[in-house]
Every structure is written in C-alpha cells, then in structure tokens.
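Asks: Give me a 3D structure for the following:
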Amino acid sequence: TRFEKRHVEQILQRRDFNGTLFSLFDMENTGSLPQTVFLDQLKSSLSLGELNWRDRNEVSEFVDIIEMVTFLVCKEDDITVSQFSQIFGCKGCSDKLLACMDTDKDGKVTLEEFMAFITLITSR
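Replies: Residues are numbered from 1 along each chain as shown. Model (predicted):
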C-alpha cells in the first residue's frame with residue numbers, strides 16, 4: 001500500500017487517528033499534554049542517529065511547523081486531544097510530515113514508511 005499526499009491529509013484529519021497518536025505521547029493518560037513535554041519528545045526522537053536516511057532540513061521544518069502551530073492553537077496551555085487534532089491536521093503539517101516519511105522521495109509513502117516514522121516520533 002502506498003499513500004499519496006491526499007491520503008496522508010485524510011489520515012491526519014481523522015479524530016480517531018489523532019486520538020490514538022495523542023495517547024502514544026500522553027503516557028500518563030491524563031488527557032492533556034504539556035507543550036514542553038510533547039515538543040521535547042518530538043525533537044529528541046527526531047534527532048536520533050536513525051535519521052541519517054532522512055532529510056534533516058525536512059525534519060527541522062516539520063518540527064518548526066509543529067512548534068508554531070502548537071503555540072498558535074494552545075497558547076500557553078497544555079495540549080488536549082482536540083487541539084492535537086488541530087495541530088496535526090493543519091495543511092503545512094501534513095506536507096512536511098509526508099516529506100519526512102517519504103524516504104525514497106517518490107511523493108508517496110508506504111505503510112512501512114508511515115509506521116516507522118510514527119514509531120520513531122512516539123518512542124522514548
């Protein structure tokens with residue numbers, strides 16, 4: 001299975017997907033996630049040596065967009081599931097996420113590429 005940009009956008013618009021992804025970051029199962037915890041985990045997991053096969057500029061741009069959108073959506077507050085969906089559902093996020101996942105740069109993402117990236121960003 002190969003996902004095109006529109007498929008990734010559709011997945012990121014789904015509340016059930018975002019709820020599940022949120023729960024992978026919300027290890028305490030509180031229903032809210034401190035911004036610093038979320039962003040620090042994202043930055044830490046994406047700076048790992050495993051990323052040598054990824055375009056570091058794309059990864060950096062993805063993190064920057066997530067950080068900016070998180071602040072715009074949440075201000076100083078913790079992130080809720082609903083806000084998490086807004087963050088990952090924004091257009092710029094899906095574009096950069098696809099670019100980060102697409103390791104062979106063919107404009108499509110395999111299920112394996114998709115799952116490997118999700119696993120990477122949610123690992124501690």
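Asks: Do a quick rundown of the helices in the protein.
Replies: For the chain, the helices defined by DSSP state H cover 5-13, 15-25, 35-46, 56-74, 81-89, 91-101, 111-122.
Asks: by contact count, what packs against the last one?
Replies: Think helix 111-122. helix 15-25, helix 35-46, helix 91-101 (3 or more C-beta pairs under 8 Å, 6 or more residues apart in numbering; DSSP states H and E). C-betas here are computed from N, CA, C, even on glycine.
Asks: list the buried ones in that helix?
Replies: The neighbour-count check on helix 111-122 (16 or more other C-beta atoms under 10 Å) flags 113-114, 116-118, 120-122 as buried.
Asks: There's contact between residue 3 and residue 108 in this structure, I believe.
Replies: Yes - between residue 3 and residue 108 there is a contact at 6.3 Å, judged by C-beta atoms under 8 Å.
Asks: The helices of the chain into JSON lines, with extra columns for mean pLDDT?
Replies: Formatted as JSON lines, those follow (pLDDT from 0 to 100):
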{"stretch": "helix 5-13", "mean pLDDT": "90"}
{"stretch": "helix 15-25", "mean pLDDT": "94"}
{"stretch": "helix 35-46", "mean pLDDT": "90"}
{"stretch": "helix 56-74", "mean pLDDT": "91"}
{"stretch": "helix 81-89", "mean pLDDT": "94"}
{"stretch": "helix 91-101", "mean pLDDT": "85"}
{"stretch": "helix 111-122", "mean pLDDT": "89"}
